[in-house]
Structures are given as structure tokens and as C-alpha cells.
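[1] Pasting the sequence and the predicted coordinates here, then a few questions.
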Amino acid sequence: MARRPPPPDEGREQPSFSRRSFLKSAGVSAAATTIVGAGERAEAAPAVLGPNPVTLNLKVNGAARAVTVEPRVTLLDALRNELDLTGAKPVCERGGCGACTVLLDGAPIASCLMLAADAEGHEVTTVEGIGTPEKMSPLQAAFVEKDALQCGFCTPGFVVAGTALLAKNPHPTLDQIKAGLAGNLCRCGTYGRIFEAVQAASRATTPSRTPSQTPSQRR
Amino acid sequence: MPQEQKSEPTSTFTAKAGLPGSPQPLEVHPLTTDIKPWDLDSVPGFEHVGKPRPRIEGPLKVTGKAKYTFDVKLPGMLYGRMVGATVPAAEILSIDTSKAEALAGVKAVWTTDSRVVRFAGQDVAAVAAVSPDVARDAARLVKVSYRERPFTHELREAMKPDAPRVFNLDRLPAGRDMGRNGNVAGPRLGRANRGDVEKGFAEAEVIHEGTYYCPVHTHAPLETHGVVAAWEGEQLTVYASTQAIFAVREGVAEALGIDRKNVRVICEHMGGGFGSKLGPSATGSAFSVVACRLAKLAGAPVKLMLDRHQEHLCTGNAPSALMKVKLGAKKDGTLTAAHFQSWGSAGVAGGAGTSGPAGALHGKNPNFKAEEWDVFTNAGPAAPLRAPGHSQGAFGIESAMDELADKLGIDPLELRKKNEASPVRMAQYDLGAKAIGWERRNKKAGDMATGRLGAALGPRKRGIGMANGNWYVFASENSNAQVRVHRDGSVEVITGCQDIGTGYRTAMMVVAAEELGIEPGDVTLRLGDTQFPEGPGSGGSVTTNSMAPVVRLAASQARGKLFELAAPLLGAKPDELDAAHGKIFLASDTGSPASASKAKAVSFKQAAAKMSGESIDSLVKRPKQYETFRGDLAGTQFAEVEVDVETGVVRVVKLVSVNDCGLPVNPLTTQSQVIGAMIQGVSWALLENRVLDRNVGTMLNPNMESYKILAPADMFEAESILTPVANMGNNTSTAGIGEPPIVPTLAAVANAVFNAIGARVRELPLSPDRVLQALSEARRA
């Protein structure tokens, strides 16, 4: 049986399995099993961060951004609360809805499930990095044109997931679009219009000579 | 005390009303202070109204730049967190916040004065701290000691005579003089009750009786409920994720005992509400008031957003519904009587009625009786959810009609036509039937050899069904708008009413532009702020219908003032002028838009430059709603489904919705709302079900992966057909569309499932277990 680490705060009630002790033990096991995508930190000794705030050097939308946060802070909270990049939305906070989707080295991830510390050494792209109101990406413009949004709270997640899909498969079939967006939820009911927007953005690019035949799997 | 009838002067004229295909002259009597309503003759002349137009806020929303309440960050802002009761029924013995208060970074703590817990998730305490994580730590350190009481978690359990009582008899939610029996209150009689049902059943040749059940749904908006509260001296600013900024202002001011004038509520963009965000906070929480108190205590702004778990527990839900339906008919399908009884649980609240559709549909039936009972359970109070009680009620009555048709051996569509009183729905039937290919359905339910839906793909069988829905043309007279034309010719429409994502703000730009003769893009809408003129809460599909006429009237008055300025420049009288394409010209010069540019004209800006002050302002209040052409909103839906009879999985292949929406201002966003309602309706029909644990009374699926909502992979072909109706109910002939298209969906899908498999599922959702159970029962029968 592993011994529990001592309580970090004097006089503070320690639940039997606290988030903090979990992070410490999870950090060790993660370091032991890291195979791919390892940043510099993971290659070095398994450093234990915190509990006090640490400075993290992130690369977001092409710019170096330093944040000083508790190591338990998620990438989603760091983007939103520290960098004021509020396009990614907190909705389910457990990877079930896709509203917090950002690109990590070009691949879509749920930023609510990743610690900001683990994003060091990676390229993070948020919906703000994909386009601006004045210069929207073709997919963003297609979302507007097809009215693929209502309240708009899920929209940034769909835009990021759709961008990743089109990067991987520029001319997806309808079934491939459904599969590519399968991790995102909308409550107003915009799926049909979103599919139309992805198809319109796809049509706007030159057809590739060898269209992918395999449905793209996102997660 | 009898209300004094005010009679205001009216004018009279004959409008061309109704459907474009069958226009009917209708005498209308608008107030003399109002303007002539748009009718069918107005439609060909529209420059902007009725043309599809992408919503103006789209670019902000697709780039992540639109700021929602959840995105607001103020200097020095703290993060609040509610602590909810963990048990469904109890007396609170003590709340110990000492450890939470001692935690570094905690700045304020609040506890409830209430000592009685009636549902899990009820407000108990709250904290505010320097970060969301510290606030979560602190919330966990609040220790509540309960003396637990017996509870009842579900409608049918709560109806039993020996069920634990949710309320003492003298503490029942008041307001209705209804009978009470344990947890059951009622009956409340239907508004549409008519004739004599006993006599009607005696005259019937065929009788169908059935019992139908819908579970509790939660709203599950993607942006959870929440506010950011900031004090500056006596002045309180509240950023709120709300459908009703003025209700937040009034509720917060009253709860805090401060003047409304000192409370400003702002909501620029809102991440979904569906009826749950119409009050000051939520039906099962006072988080807005708590956030204001925490901010006062801490001397810093507080952002308090509920988390997903709390959102499911205390922000409202759609009541369950247990419906007993009895129909009597002649052999030719003529209805002779309908008796509709429903029991529903709105948790600790009342108002679980579902008889609206049964009373409104099949209007030729002379004998109708509805009775509704509220059943209290230890669960969070309900809130209006998108056509409250109507999707459930339509599931009951329209499933029963489908069963009656089967029993009579009559086509279900012919049975509807036989008893239809609405000329609009009568016109809609054939449009929907054609779009779905109604003639392809299985003539004998469950037997694909009797239809033209192709051969069954292994165990997957197809079917087609239909159902009707109704809704109402509601309007709020508490709707005000200001149109401001600046000296430089720029135009603002200023009105407090919030935009919840329906396309409302774009529609108002279109209405103002149409009246002023300028481009919609030249109009800037200022909204979502209680410092602007008061407007309605966005519920009941009232917003466009309430605000479009007042925006048009204000724009019309501004236009009249501009014409006075332009008239001397054109050597004409103001009432001889017209405006289009940013120009003001002699009305006699126009015949086509092209001629307007050639005619003698002054630009909008030239006229504005002549004003004596810096702006022309027209502030008006909405004229009353007039009698509409044929009253209620008609709608009908047709569904094609595929059912796997081995796994019980139902897939919707196609859904067609035909809707009366008045004259649609912007068909693009109107149809987005229709399709959205169809998707949410299919989600209710196939997936959604709030499950409370019978042993501990807490919710088992308070998240977004086990409280299932429809996902992209489940998406079907959705077709929206609008049947515009010049209803003459207001000067724009508009009507709401947010709710009507969700009313028929549950029944349309369920009836299609019956057509596919020949087995009736009378309890939602249409989940594999229920489908297989129905198949098994049908085989035994």
C-alpha cells in the first residue's frame, strides 16, 4: 500500500483522497508511463509541482504566454481566467460535451481534462487563433452564412473540432462530418446547419486527388 | 373589483389576411396611435422583411469574441460557489462554515436561514474565494448536519396514500383553491372544457382508452445559470445569464431591499435557457441574490456560476406527466368525446398541467373534458421548458388519436382532417404529407410489405407517423423601444429586451430598416441592459411578437420627423414622401425600386443633417395585441423512423415540421429555431430522462454523458416548411416560433415507431428497453 503524502496545509482538513494528493500520485504514474508527446519536464526527473502557484510557459495562438497558477489549474481555466481567451467554454467540465475544445499541436482535445502544466511544450490553438470577426476562417464564415449557431455557447467548440476535421480530411462525407463532430453537443439544435457549414467550407477548397475513405475518429 | 374598461380610439380598415394561397378580407381595428398593420398586400413591397439574412452577432460568436456572463472578468473579482443540500428531505440541524472561513483565499461565506430541506440541491450555503479551485475546496469544507426525513422521489410513488408527505397540508404551495389528497392537489379543470363527455361517449361507436407517461426532463442549457455581481457604493451591477433582465433587476432589488434604480442588469449574449432563466435566479435557487450578498460582504465583485451538477438539480425541469386519455368516435372517425386526465410532478412546485393540446386540437369535437392534478415529490421545482406541458400533452392526445385510427381502420391523417377546425392546419397537412412521402407508410403497422418504405434491412424496420401541435400568440404590452436618428444619419434602436440567441436582434434591425428605408446593417441595436427602455422576458415565444411592432412604430415616428425635414428640400408635403435604399423621395415618383434612384430624392443623411438638435428620438410603448386571424398557431409534423427490432434502438430518419409563424421577419433564423425545436424534441423522445435514486433521492445522471441529449451522430434530415400567415394581431403580423415546433415531435416520433413495428410504446423515452418490452407485449397479445 502506498503511503499517503502528508497534508500540505497545516490545520486544513484533508479529504481521504484529495485532488492534491491525486495530482501528486498521478504525476508520478504519468511520468512513468509517458511514451509520446513528452515535453522537457517529463524527460527530466518527475518534478512535483506546487502546491503553490507555479509559472508556466505556454504557447497559445502562436505567442508565448506565461501564466502563474496553481498546478492543479486546467488548461481551460488558465486560458479563460488568466489569458482572457474565453472562446473555449466550460459546460460539463468532464470531457463530455466538446465546448472547451482547443487544438494541441493541431489535434482537438478537451481543455477541461488537461492541466495547464501539461500543455507546456505544446502549441495550443483556441478558436480566437482560428479567425477574428474581421477576418474569419472559411469555416467560421460558413457557420455565419448557414446560420449554424443560435445561443452560440457550443459554437467555438464546433468551430475548433470542424477545423481539425477539415485539416485532416478536407472533403469529408456527411457520415465523416458526423463522426468528426461526435464529441460536441449543442442544446439549441444546430447540428444540421453545422453539417451544412462544414460541407460549404469543404466545397470552398480545391478537391484533393485522393479523398480519404476512412471516417475520421476524433477521440 | 371589476376592471375599468378603457376604450381607446381606433381606426378601421380591411386587410388581406390569412394564408397567401387563400387570402381573406378581414376588418381590423388598430388604435389610432398605431400604424396600419402589414398584411398580404405588404409582402411584395418588402425590401428586407421575409428575406433570409445571417444573424448580425454571428461573427462574434464563431470567433469566441462574444462575451457571455460566464466570460465576464472584473478587476479583483472573486469566484463564488453554492453549496446544495445532499439529501432530499431533512431538517438542518447545523451549518458549520468555520473550516471554510479559515481556508486561505476565502473572502466571504453565506448560509441559509431556512431549516427545512425538501429536495437535494436546495441552497444551503455559499462561499466566495480568490479562485474557482479555492472556492471548490471551501465549499467542500462546509459541514451540514441533517436530521433526515422520509422522502418520495417519483410521481407514481408519491401518489400512493401512504407516501411520505412533501408538504404539511397547511404548507402546500398556495395560489390555487384545489382539493388536496396527500401529495396530490387537484383537479384543475381545462380551459377548453366544453359539451358533455358522458353524452358524447354514449353516442360513440368506438372507444379508445390509453395511459401515457413522460419522464422529467431538465433544461440543460450549455451556459449554466449564474451572475457576476459588482457593487459601487449603493449602485449594484449584475451581469446575468438570463432570459429576463428586468425580472433579475426586480427580484434582486426586492430581496436585498434596495431601490430598482440602484440595480443595473446586463446580458449581451446568453448561452441557452429554454425557460429556466426567466426569474431573478432559478426556481430552485436564489444564487443571484446570494452572489450580491457575497460581493457586499467581500467588498469585491463576485462571479457565481452554477456547475453542471447543480444546474440539473435546482434550476428547473419539465414535470413528469401521467396521462389517461379516453376518446369516443363514430365509425367514420367523427369524434364524439374526449376525456383527458393528467397527473404530473413539478417536484416541490405546482403547475404540471398538460391538457393544452388536447383542448386545442380536433376542434370539431363537441364534447371535451380535461382534469389536471399536481403531485408533489422531493425534487427540484420545475420551470417552464419550451412549450411547457404541451409536448407531453400532445404525446398523450396524439398517441391516443393514432391508436384510435388503428382501431377504426382509418388513415391517421384522414382522422385528423375529419376533426380539424383550423384552416391553417388543414392547408399544412398536405404540405407535410408530400414532404415525408406519407403514401409510402406501412398500411398495416409493423408490416413493411404493406408500404413502400423498401424491404426491412435485416432487423431494421421503417415507419412513418404524424402528430399535431398547437401554441398561442402571446404578447407583452410591457414592451418599449427607442429609435434614435443622429444628426449624422446613423441610427440606433435602443431597447432593454435581451437576445437569447433566437435571431431577435437581427429581426429588429430588419424591421427598423424596412420602416426607415435604409439597410439593416445601418441600424445598430443596443439591448440587454436595464438602463434601456423596458422589455419582456423571453418566454412563451413572445419576444419578436412583442418587440417587432413597437420597433416598427418607433421607427415610423422617426421616419415622420425625417420626412418633415426632407419635405422643404423636395418642395413637397411630408405625407407625400416615401423612403427606400437610404433615400427619401416623392411617393408618386416610385413604381419600382429602380425608379427611386432616378427620381428627385434626398438622402437619409441629408435629411438628418437638417435636424435642429443632435438627434431625433422616438420612444414608444407597444400597442395592445389585436384579435388575430384564426387565433392559435397551427403546426403539424411528420416523422420517418428506423427501429432495430433486435436491439430496440430507434433512429429518426427524417422529420418534417410545418408551422404557422405569422409573417416571418427573417426566415433563415426562424427556420433555425424550428429545426432546433425538432432536434430538442427528438432528444426528449428518444433519450432524455432525469433519474432519481429511489434509495437516497439524489439524481443519478446529473451530467452530460448520462443525462443524454441528442448528439451529432443521431442527427436526422430535418425539413422546416413555413406557412406564413398575415395574422393581423399587431402592426407587423408577427408571431413567435421558439416553442410551437417542439409540441408535436414526441408523438410524431412515437407514432412512426408504431407504424414501423406494430407495437405501441406508451412511455417515453423510446429507449431500447421500452421498445423491446412493447414488442414482447405485442407478441404475447
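    Structure's in. What do you need?
[2] Would you mind listing what in the stretch 651-781 of chain B touches chain A?
    Proximity of the stretch 651-781 of chain B to chain A (Cβ under 8 Å from any Cβ of the partner chain) is limited to residues B:668-669, B:672-673, B:675-680, B:703-705, B:709-713, B:715, B:717-718. (Each C-beta comes from the backbone N, C-alpha and C, glycine too.)
[3] How about the stretch 201-350 of chain B?
    Residues of the stretch 201-350 of chain B lying close to chain A by Cβ under 8 Å from any Cβ are B:220-224, B:269-272, B:274, B:305, B:307-308.
[4] Repeat the analysis, applying 6 Å as the threshold.
    Taking Cβ under 6 Å from any Cβ of the partner chain as the contact definition, the stretch 201-350 of chain B meets chain A at B:220, B:221, B:222, B:223, B:271, B:272, B:308.
[5] The fourth one: neighbour count?
    Same thing as residue B:223. If you count neighbours by other Cβ atoms under 10 Å in any protein chain shown, residue B:223 ends up with 29.
[6] looking at it, it is touching residue B:273, isn't it?
    No: contact status for residue B:223 versus residue B:273: not in contact, 8.4 Å apart, counting by Cβ atoms under 6 Å.
[7] okay, the residues of the stretch 201-350 of chain B next to chain A in JSON lines with secondary structure, distance to residue A:196 and pLDDT next?
    Converted to JSON lines, those look like this (DSSP: H, G, I helix; E, B strand; the rest coil; distance: Cβ to Cβ, whole Å; pLDDT from 0 to 100):
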{"residue": "B:220", "secondary structure": "coil", "distance to residue A:196": "24", "pLDDT": "98"}
{"residue": "B:221", "secondary structure": "coil", "distance to residue A:196": "24", "pLDDT": "98"}
{"residue": "B:222", "secondary structure": "coil", "distance to residue A:196": "21", "pLDDT": "98"}
{"residue": "B:223", "secondary structure": "coil", "distance to residue A:196": "24", "pLDDT": "98"}
{"residue": "B:271", "secondary structure": "coil", "distance to residue A:196": "22", "pLDDT": "98"}
{"residue": "B:272", "secondary structure": "coil", "distance to residue A:196": "21", "pLDDT": "98"}
{"residue": "B:308", "secondary structure": "helix", "distance to residue A:196": "29", "pLDDT": "98"}
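[8] Which residue does the stretch 1-150 of chain B have closest to chain A?
    Relative to chain A, the nearest point of the stretch 1-150 of chain B is residue B:64 (2.0 Å; Cβ to the nearest Cβ).
[9] That residue against residue A:157, yeah?
    No: here residue B:64 does not reach residue A:157: they are 9.8 Å apart, not a contact under Cβ under 6 Å.
[10] Please, which helix or strand holds residue B:403?
    In this assignment (DSSP states H and E), residue B:403 forms part of helix B:390-408.
[11] and the helix or strand that that helix is followed by, what does it pack onto?
    Tracing the chain C-terminally past helix B:390-408 and defining elements by DSSP H and E, one meets helix B:412-418 next. Contacts defined by 3 or more Cβ pairs under 6 Å, 6 or more residues apart in numbering or on different chains; DSSP states H and E place helix B:412-418 against helix B:390-408.
[12] which of the residues in the helix it packs on are buried?
    B:390-406, B:408 (16 or more other Cβ atoms under 10 Å in any protein chain shown).
[13] Next, residue A:176: phi, psi?
    The phi and psi values for residue A:176, taken as degrees, to the nearest 10, are phi -70, psi -30.
[14] Can you report how many residues neighbour it?
    Number of residues near residue A:176 (other Cβ under 10 Å) recorded here: 22.
[15] Which of the three states applies to the residue of the stretch 1-150 of chain B closest to chain A?
    At residue B:64, secondary structure determined by DSSP: H, G, I helix; E, B strand; the rest coil is coil.
[16] what sits against the nearest residue to it once chain neighbours are set aside?
    Leaving aside its sequence neighbours, residue B:64 sits nearest to residue A:87 (Cβ to Cβ, 6 or more residues apart in numbering or on different chains; 2.0 Å). By Cβ atoms under 6 Å, 6 or more residues apart in numbering or on different chains, the contact list for residue A:87 reads A:126, A:127, A:128, A:156, B:64.
[17] Pretty sure the first one sits against residue A:100.
    When you say that, I think you mean residue A:126. No: using Cβ under 6 Å, residue A:126 is not in contact with residue A:100; the gap is 9.7 Å.
[18] Which residues are in contact with each of the two?
    Common contact partners of residue A:126 and residue A:100 (Cβ under 6 Å, 6+ apart): residue A:88.
[19] Neighbour count for the two, which is higher?
    More neighbours surround residue A:100 than the other of residue A:126 and residue A:100, with 29 against 26 (other Cβ under 10 Å).
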